[in-house]
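1. what's the 3D shape of this:
(2 chains)
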Number of protein chains: 2
Amino acid sequence: MPNDKMVYFFGGRKAEGGASMRNLLGGKGANLAEMTQIGIPVPAGFTITTEVCNDFAKRGQKYPPGIKTQLDKAMAQVEKTMGGKFGDAKNPLLVSVRSGARVSMPGMMDTVLNIGLNDKTVEGLAKAMKSERTAYDSYRRFVQMYGNVVLGVDHHHFETLLEKKKKKARVTKDSELEAKYLKELVAEFKTLVEKKTKKSFPSRPMDQLWGAIGAVFSSWGVKRAVEYRRLHKIPEHWGTAANVQAMVFGNLGETSATGVAFTRDPAMGERRFYGEYLTNAQGEDVVAGIRTPHPINKAGKKNNNLISLEEEMPAVYKELERLYQKLEKHYRDMQDIEFTVQNGKLWMLQTRTGKRTAAAAIRIATEMVKEKLISSREAVKRVDPNQLDQLLHPMFDPRAEKKVIAKGLNASPGAAAGRVVFTADEAVEWATKGEAVILVRAETSPDDIHGMAVAQGILTSKGGMTSHAAVVARGMGKCCVAGCGSIHVDGRKGEFRVDDLNVKRGDTISIDGSSGEVMLGSVPTMDSVITRALDGDKKEKKNRLYLDYAKIMGWADGIRRLKVRTNAETPEDAGRAVRFGAEGIGLARTEHMFFGEDRIQAVREMILAESTEGRRKALAKLLPMQRRDFVSIFRAMNGFPVTIRTLDPPLHEFLPHGKDEIDRLAKKLKIPASRLHETVERLQEQNPMLGHRGCRLGIVYEEITEMQARAILEAACKVKAEGKKVYPEIMIPLVATKRELELQRGVVERVAREVIAKKKVKVPYTIGTMIELPRAAITANEIAEAADFFSFGTNDLTQTVFGLSRDDAGRFLPYYVDAGILPADPFQAIDQSGVGVLMEMGVAKGRAVKPGLKVGICGEHGGEPSSVAFCHGLGLDYVSCSPFRVPIARLAAAHAVIDEEAKKKPGGARKLSRARKGK
Amino acid sequence: MPNDKMVYFFGGRKAEGGASMRNLLGGKGANLAEMTQIGIPVPAGFTITTEVCNDFAKRGQKYPPGIKTQLDKAMAQVEKTMGGKFGDAKNPLLVSVRSGARVSMPGMMDTVLNIGLNDKTVEGLAKAMKSERTAYDSYRRFVQMYGNVVLGVDHHHFETLLEKKKKKARVTKDSELEAKYLKELVAEFKTLVEKKTKKSFPSRPMDQLWGAIGAVFSSWGVKRAVEYRRLHKIPEHWGTAANVQAMVFGNLGETSATGVAFTRDPAMGERRFYGEYLTNAQGEDVVAGIRTPHPINKAGKKNNNLISLEEEMPAVYKELERLYQKLEKHYRDMQDIEFTVQNGKLWMLQTRTGKRTAAAAIRIATEMVKEKLISSREAVKRVDPNQLDQLLHPMFDPRAEKKVIAKGLNASPGAAAGRVVFTADEAVEWATKGEAVILVRAETSPDDIHGMAVAQGILTSKGGMTSHAAVVARGMGKCCVAGCGSIHVDGRKGEFRVDDLNVKRGDTISIDGSSGEVMLGSVPTMDSVITRALDGDKKEKKNRLYLDYAKIMGWADGIRRLKVRTNAETPEDAGRAVRFGAEGIGLARTEHMFFGEDRIQAVREMILAESTEGRRKALAKLLPMQRRDFVSIFRAMNGFPVTIRTLDPPLHEFLPHGKDEIDRLAKKLKIPASRLHETVERLQEQNPMLGHRGCRLGIVYEEITEMQARAILEAACKVKAEGKKVYPEIMIPLVATKRELELQRGVVERVAREVIAKKKVKVPYTIGTMIELPRAAITANEIAEAADFFSFGTNDLTQTVFGLSRDDAGRFLPYYVDAGILPADPFQAIDQSGVGVLMEMGVAKGRAVKPGLKVGICGEHGGEPSSVAFCHGLGLDYVSCSPFRVPIARLAAAHAVIDEEAKKKPGGARKLSRARKGK
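-> Okay, the predicted model is just below:
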């Protein structure tokens, strides 16, 4: 073991650990220690370090030597603080064992409660609780949980026995079972465990404790945890700590309770205390969503008329308010807390940074700046660029006709429509085929993560705002309606019912995560508040959300170094992107302009021409149209650079492929069908991705590049003559050798000289290239000699570096990501150790020859936060992405600066924020 | 100018230059100087350096300052030595200007003869020559040549005037034209030039000289020279020297002559003086192949009964013999010499290393070792590995029925069959479509190079063994029948005639470059002498060619460091490869085994199975067949390592694609046709090259790898149990990440443990991977941790590095190579600055982690000499190539060692050979 100290005590107002020891004690352990130190009433306990977890795995599920002594000592301290004795028959102390990794992984790993109960200690507990029933209920729960979590006996076996017992006792609720029945159940549960595991149930409390700690450590390695880590990029080697803590009971009757709360509203960010609780219940009951919880205060009584904690236990609620304010002030962020009330005494079980929607993140961050709790720089970091997406994307059109069939909790905002599926596997299967799906479940569990990840939205019939479905969906920035009690899900039949309506697998529904509405059919969507405001809607410009968004983005723009451009080829998209904050066009794909009804004919004539002369004739028809395109783009981008890529796709993409279509086209073009069939066949390629495309077209058919260069430069001259600024940057695609670029450069320069001489307007223009082939990156020093700028085409670069066709990857790439062969889809986040190495080489070699060389990226990665950070690190000048991703890229670019600064200063991030606290 | 001295004189027995100054003076200039120094009678002259050529180009066709003084001084020395005066009306000295690069580029650049003639000097010449006719003939030739070469007037304009004149004079041969007509012609030629160039023909000899030198320098940059350089990988910056040399005349009547000769037979290598000459002719007449030349000696009278020089001018011949022996001894290699006899006096114009066939190279090299002229190491270097190919490939089956329609000169050995084309462009066009073509021409010129390069063979009706067609074809190692006078080529009609037979464009003929026979149709071929000997033919084992070959290869094997393996998957190929010298199998493609009639059915069942169980069932049928395959390969390769690659191509390659075929297969498999259509459709890929193939198959369908591993290991156990040695190396294809290799390795190791435990035979085996994706090379340090060996798959690596599908490149790659965008087809010779950089990275990163890591190459480049040298330089352990390329690779690997040593020692290669001279 690298560290001799393996066990850290906390309790009373003393703790061996603290908030700074998160890596060693995990988030939960560090927080429990920190809370204890600042005087929060936390049940005493101790944390076994993450190092022990790793060591435990390395030793093949064996504990390191010396740990027993440390644990015994810590347990003695707990006993002293809490006034009980672990394993004592008269005054027994019960403990829980909970996992706690460096970052929260909600519901992913195991927890065992009520450890220390056996046939003897249960009697002592009964006395202490003054209720045999409650004691045996705890015992029953313990045996069930331990049997399931530690000993691996399936949950439903216990449930079957429980249901039988209730039938026998003629009751419907668990809580109605008398002690006698619970006693019987304990015995039956133990027999069940013995039968299933061929071992007797452990009765010695210490054996139980070691078993539970081992189970928690082992749960770091179970499939769902591994999956969650991959999804959230959490390294394997972090490990989890195990927190052993004295049990307090929320189920000792009507003056006991248990609950969870957020210090601010996690959905919209309002500054109001927000939470749920259950009287006479244990903590797991709230999170599991089995009973519908009560709101914590009057303000929270939105969806039902249940009594609130504020009304039921006003003193406790007041104390809770005091504590949550103390916690938020101390941690300087919105907290997600767990508490238990035992016979009227409030215990805090946990506090952690609360997950929130993007809207909430924005509001909380800006408000905390106003409250002088955090700096504007910290505020920028509080908004996850990945989440921003949901705020910018369409919402349901309020004027659209909606057939609302049910209403649940607005668990995670957004609008989603899709076909109904009932299992995670179904969701993946359908999504792989390109179907938008809504995953409908009674409730979700960590086993459903992969299905949730691919669904457009999630609808559950059970569970509250803090249920698994709700928490995970918000984390994913995914639309979710939870606890929609009026629907009855029957997964086996493949349908859900609302009153008399049957919605079957494959039917389309729409769900509104902001209103909680469930609608039949696909409801049309419209732009988001922010998008509407950015697009000029005066009313929305006064919207609180928009104003906060604008504040955050303004701060971010003040911090970032990377410029952000957009990929657009219509003046509409270009204009919107500018409103979204784009500082130029990084990629205008001229071929998109070729598909218009008015152009495709001329394009086809060009392809079918059998001589340069014939091609020139057809191209001459395209010239005025292309020129018009560029004129309107240049006007829209007044003052910003516009990078225009010459024709890229293989020519056959412009021809029809089916027999009928070919025949029809031949008739239209008045040529023999056989000739057209022959041409289509001749142009067909085995691997079009690696075929006759990009600059290979412009080199063999110089006249195409010529026409495009002419259109660009004539348009530039025209717009410049109008008194606007124009900065065309002409970009040559698919360059593998310097010579290719030289040749295409020669064509463009010749045309430019002609146009400029003729129009007598001096237009500044540059000529650069995509770096999208490995060879271009490898020979970037040569290519740079002929280039004014580079732009990484990471889509094609990823395809060639991996030898992986994006079009064909569907058959195995999802499997690869699932099985952890790849940490992420390399078409979404830049593969830094493969593609990234070539990018680094490209930048270094290019700038070695031309120190000031402008380098950008225009692959789809340009709008993905981890990729933006990588590009910042490489020293690129700009990233370019689709208009809707521009704000994301701006924010991510600011994050990159802050993270970089934090990395530079030892222990940086934290110190930085501390230093700015007084601001 | 980097060097102040720009002009180097030679003449008498004195020369300012010498053989060691080849880079500065060019091959011809250095040799003229060297020959002069060792006492060979060379007409005096001077050489203007290659540096001036480069400088001339840089200055935009202007001479550097100071050159005039140096030239004037050298000219004065020439005049003094030769006893004439340049431009003098009474005793005029005429000079030639010839190009001369560092290496010979036959016929590629310009030559101008008879410089110094004008209306005055021609009279002086007439007197000196004692023949007005000869003087005016020279004058006429000069104006024609100068007008064409220097002033750019097309050849045919002069020819038209000449033909007219002959008609008018009622003669058929040029030599029959009287002085009067020649005088008229000179005037007409000058008028023609003035009309075409709008300038009068230069009459001042010095103007003529500077013009000619400029033309020679400029000819370095003309298209055909650039093309030749690309083909022979000669750098641009070498430049050419210009050799100005006093003219001597072979056309002064019947005691004058001009000729070319080889010091040994360039076709078969026999040690006999071999050459051709023409009486009363200038040098260009022999090379151009316009008149059929006479053999130089009686021994050479093979194809005709023309009188030889030996008989016609015995004294001159004796002197020539003395000189050639002196030259060969001096240069220690077979020489290609040019000479002129002027009024009975012998002048040597040039000597250079003679081009030769592979057979000749082998014989000359081994004989020169026997003669103690060169070392065995030098002998190895004297055989070009590229040429070796022609000796190993099939020849016409002597027992086959042949319809011989004509017989020409056996100009370059080999057997070729193909469809007749008449122009170089046609040849390229047809060859691009995959047609084998024979290029048929009256005679070839440097403009035909691109057509010759793609043709199977060349057939000409005119020209001798030293004609352009013959020399170039031998250089290319290409079959050629030259001077086949009985055929009449009519390119315009698209046919050639032999007697009454018309052979049309597109008809198939066969030509035998070893016998000179031209045959109708495609004649069946059979193995070469060497191949037959290697395959065990006892008679051929005593063949001189085979014995010499074996000697050279034995020496090469003693020198090389690289091992040579073969790519083979049948015991027949494997066995042949071993006889050809292979030291193992570098690539056995298991999928080739899947296509057999007996297997394809089971393979298809496997693909169509809808469950792992179904696939296993089908695979179980394949197992015994695959095992049998491996058993026979292991037996054939007894003691040598065998690298077996697991399944690589996408599954759809094993299914039919046409509707009818699919329907037929469905019937056969007794499944609904619709299902099979659906499967074929589903498996279809956009870019199969980048699709679901390689280890991606073995990972998704583990059971395939499992079956293959089982077959390999069970076979290995069986053969080992027979008492033979087996070294299976299992190779996983298309690995992009370490994890993929780890997973496949896990499968193979598990199967291996099972098999070895069951069979109780311990078989040593290793598991490695192809490095054929950029990402594999980039992350080679990670991958090496899971690999016992690497093998570069340079075919796929080239495809991905360039983003270039080999299947689709046909539409632009030939153009790219033609236009010099790529120096060579990267699928033939490794692209060292792109693909090569990744290979270097792969080796370095792999060995950084595993110092002893075995690394090989199994792409088709493994048998290409420049690529073999590159692999040697990278420190690979072996190359692997097709069986017929094994000897080429062995020889190339020896060359790589010798070249490397030469590079290490300054001025190495030459010193090395000198040092070994006494041996």
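2. alpha carbons only for contacts and neighbour counts from here, please
-> Will do.
3. any idea how far the helix ranked longest in chain A is from the chain center?
-> As assigned by DSSP state H, the longest helix anywhere in chain A is helix A:612-636. Helix A:612-636 sits 42 Å away from the centroid of its parent chain (Cα atoms, centre = their mean, to the nearest Å).
4. and that helix, which residues are buried?
-> A:615-616, A:618-627, A:629-636 (16 or more other Cα atoms under 10 Å in any protein chain shown).
5. And the contacts of the helix or strand harbouring residue A:330?
-> Residue A:330 is part of helix A:314-331, with elements assigned from DSSP states H and E. Contact with helix A:314-331 is made by A:35, A:40, A:263, A:273, A:309-310, A:334-335, A:341, A:344-346, A:351, A:373, as judged by Cα atoms under 8 Å, 6 or more residues apart in numbering or on different chains.
6. For chain B, state which of those residues is nearest.
-> residue A:351 (37.9 Å; Cα to the nearest Cα).
7. can you tell me how far the nearest residue to the closest one once chain neighbours are set aside sits from chain B?
-> Excluding its sequence neighbours, the residue lying closest to residue A:351 (Cα to Cα, 6 or more residues apart in numbering or on different chains) is residue A:337, at 4.2 Å. For residue A:337, the distance to chain B (Cα to the nearest Cα, to the nearest Å) stands at 40 Å.
8. And residue A:195, by the same measure?
-> When residue A:195 is compared with chain B (using Cα to the nearest Cα), they lie 32 Å apart.
9. what's the burial count for that residue?
-> As a burial measure, residue A:195 scores 12 neighbours (other Cα atoms under 10 Å in any protein chain shown).
10. ditto for residue A:76
-> Residues near residue A:76, counting by other Cα under 10 Å, number 14.
11. Quickly find the element holding it.
-> In this assignment (DSSP H and E), residue A:76 forms part of helix A:67-82.
12. Any buried residues in that helix, and which?
-> Counting neighbours by 16+ other Cα under 10 Å, helix A:67-82 gives A:70-71, A:74-75, A:77-79, A:81-82 as buried.
13. helices or strands up against it?
-> On a contact count with 3 or more Cα pairs under 8 Å, 6 or more residues apart in numbering or on different chains; DSSP states H and E, helix A:67-82 meets strand A:7-11, strand A:45-48, strand A:85-86.
14. re the thing from before, from the buried residues of helix A:67-82, which is closest to residue B:875?
-> Using Cα to Cα, the shortest approach to residue B:875 within the buried residues of helix A:67-82 belongs to residue A:70, at 56.5 Å.
15. Against residue B:671, how distant is the closest one?
-> 69 Å (Cα to Cα, to the nearest Å).
16. go on, residue A:602?
-> With Cα to Cα as the criterion, residue A:602 and residue B:671 are 47 Å apart.
17. In terms of neighbours, single out the busier of the two.
-> In terms of neighbours (other Cα under 10 Å), residue A:602 is the more surrounded of residue A:602 and residue B:671; the figures are 19 against 13.
18. Which helix or strand contains that one?
-> Using DSSP H and E, residue A:602 falls within helix A:597-608.
19. what comes up buried for that helix?
-> For helix A:597-608, by 16+ other Cα under 10 Å, it's A:599-608.
20. all strands of the stretch 801-919 of chain A, in order?
-> With DSSP state E, counting those that start in this stretch as the criterion, the stretch 801-919 of chain A has strands at A:854-857, A:878-881.
21. Tell me if residue A:39 really is in a strand.
-> No. Per DSSP: H, G, I helix; E, B strand; the rest coil, residue A:39 lies outside any strand segment and is coil.
22. Can you list the neighbours in contact with stretch A:456-464?
-> A:287-293, A:408-409, A:411, A:415-418, A:436-444, A:452, A:469-470, A:473, A:478-489, A:511.
23. hmm, try it at 6 Å
-> By Cα atoms under 6 Å, 6 or more residues apart in numbering or on different chains, the list of residues contacting stretch A:456-464 from outside reads A:289, A:416, A:437-443, A:479-485, A:487.
24. what does stretch A:620-639 give?
-> A:571, A:575, A:711, A:715, A:725-726.
25. Tell me which residue in the stretch 401-550 of chain A sits closest to chain B.
-> residue A:433 (11.4 Å).
26. Tell me how far that residue lies from residue B:674.
-> According to Cα to Cα, residue A:433 and residue B:674 sit 20 Å apart.
27. again, but for residue A:845
-> Applying Cα to Cα, the value for residue A:845 to residue B:674 is 54 Å.
28. More neighbours: these two, which one.
-> Shown here are residue A:845 and residue B:674; by other Cα under 10 Å, residue A:845 has more neighbours (20 against 12).
29. Where does pLDDT dip in the stretch 151-300 of chain A?
-> For the stretch 151-300 of chain A, the stretches flagged by pLDDT under 70 are A:231, A:287-290.
30. mind listing the helices for it?
-> In the stretch 151-300 of chain A, the helices defined using DSSP state H, counting those that start in this stretch lie at A:155-169, A:179-197, A:205-219, A:223-232, A:283-288.
31. Using CSV, lay out the ones you listed together with distance to residue A:749.
-> Below are these laid out as CSV (distance: least, Cα to Cα, whole Å):
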stretch, distance to residue A:749
helix A:155-169, 74
helix A:179-197, 80
helix A:205-219, 64
helix A:223-232, 48
helix A:283-288, 67
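32. Residue B:281: which of those helices is closest?
-> It's helix A:223-232; of the helices of the stretch 151-300 of chain A, that one is closest to residue B:281 (Cα to Cα) at 84.9 Å.
33. Quick one: name the residues of the stretch 801-919 of chain A near chain B.
-> Counting by Cα under 6 Å from any Cα of the partner chain, the residues of the stretch 801-919 of chain A lying close to chain B are A:801-805, A:808, A:821, A:834.
34. Now with 10 Å, please.
-> A:801-813, A:815-816, A:819-822, A:831, A:833-838 (Cα under 10 Å from any Cα of the partner chain).
35. just to revisit the earlier point, among the buried residues of helix A:67-82, which two are most distant?
-> Once Cα to Cα is applied, the buried residues of helix A:67-82 give A:70 and A:82 as the farthest pair, at 18.5 Å.
36. Just give me the least confident of the contacts of helix A:314-331.
-> Lowest-confidence member of the contacts of helix A:314-331: residue A:351, scoring 86 (pLDDT).
37. Surely that residue is within a helix?
-> No. Assigned with three-state DSSP, residue A:351 falls outside any helix and is strand.
38. I'd like the distance between it and residue A:327.
-> From residue A:351 to residue A:327 the distance is 8 Å (Cα to Cα).
39. Next, show the common contact partners of those two.
-> A:35, A:334-337 (Cα atoms under 10 Å, 6 or more residues apart in numbering or on different chains).
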